[in-house]
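Visitor: Pasting the sequence and the predicted model now:
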Amino acid sequence: GTKATIGIEPSTKEIIISHRGSRTLQNWVMDFNFNKVRLPNSPEGVFVHKGFLDMYQSLSSEINSYLMNMLDSGMYKGYKVVVTGQSLGAALATVHAVDIASKVKNKGFEINLYAYHSPRVGNQAFVDYIISLDFPIARYTNKADYISHLGPRSWGYVHIPVEFHTDFSDITSKSLRECSQEYDEDPKC
């Protein structure tokens with residue numbers, strides 16, 4: 001299976017949900033299950049990577065119940081929900097943010113997605129859907145990372161915006177730049 005952790009950062013008023021990347025053989029097998037399936041509770045035509053959806057659904061009930069209880073408690077007024085992960089964890093964070101965006105926003109909380117070295121998660125309709133949910137997204141990549149090139153484009157997989165890229169493996173380097181969203185992927189990134 002996979003794991004996710006919920007943490008609190010009082011200094012920035014954030015509830016942070018962090019999804020773990022691939023660690024087990026089972027994770028790697030699911031990573032390469034490129035079949036697409038319809039994303040539940042989404043508009044017609046929205047498809048995502050079956051392996052990512054299956055792994056997210058294996059933990060969604062428990063973690064979302066815990067999160068909603070936190071949001072309903074009244075203890076976290078003014079906080080925002082940040083969903084994040086690296087590699088496989090970034091793909092799961094993407095599906096997670098889409099799944100809970102409306103619920104979180106309806107409770108009066110902002111939601112943000114920070115995805116590090118994410119593979120492509122879904123089709124163009126998925127990208128259009130995540131954009132329509134209207135929450136801040138940052139997808140970080142670097143030149144040395146091959147995972148960002150998975151979810152084959154030839155199979156209809158498309159990256160979510162907005163991409164920030166560096167040519168170095170240090171994602172905090174000063175060379176970080178925002179990539180053009182004019183095309184599916186900026187060739188300079």
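Guide: Yep, it's here.
Visitor: State which helix of this protein is the longest.
Guide: Counting residues, the longest helix in the chain under DSSP state H turns out to be helix 50-72.
Visitor: How far does it sit from its chain's centre?
Guide: Relative to its parent chain, helix 50-72 has a centroid offset of 13 Å by CA atoms, centre = their mean, to the nearest Å.
Visitor: Could you report the distance from the residue sitting furthest away from the middle of the chain to residue 179?
Guide: No residue in the chain has its C-alpha farther from the mean C-alpha position than residue 74, which lies at 26.3 Å (CA atoms, centre = their mean). Residue 74 sits 40 Å away from residue 179, going by CB to CB, to the nearest Å. (C-beta placed from N, C-alpha, C; glycine too.)
Visitor: If we ignore the residues flanking it in sequence, what's nearest the most centrally placed residue in the chain?
Guide: Centroid-nearest residue in the chain: residue 94, 1.9 Å away (criterion: CA atoms, centre = their mean). With CB to CB, 6 or more residues apart in numbering as the criterion, residue 94 has its nearest non-adjacent residue at 4.8 Å, and that residue is residue 121.
Visitor: Show the pLDDT at that neighbour.
Guide: Looking at residue 121, its pLDDT is 96.
Visitor: Quick one: neighbours of the residue nearest to residue 120 when sequence neighbours are not counted, just the number.
Guide: Leaving aside its sequence neighbours, residue 120 sits nearest to residue 151 (CB to CB, 6+ apart; 3.0 Å). Using other CB atoms under 10 Å, residue 151 has 24 neighbouring residues.
Visitor: tell me which element residue 151 is part of?
Guide: In the assignment (DSSP states H and E), residue 151 maps to no helix and no strand.
Visitor: Let me see the contact set for it.
Guide: 34, 49, 119, 120, 121, 157 (CB atoms under 8 Å, 6 or more residues apart in numbering).
Visitor: same deal with residue 162?
Guide: Residue 162 makes contacts with 137, 138, 139, 178, 179, 181, as judged by CB under 8 Å, 6+ apart.
Visitor: Filter these down to just the buried residues.
Guide: Buried residues within the contacts of residue 162, defined by neighbour count using 16 or more other CB atoms under 10 Å: 137, 138, 139, 179.
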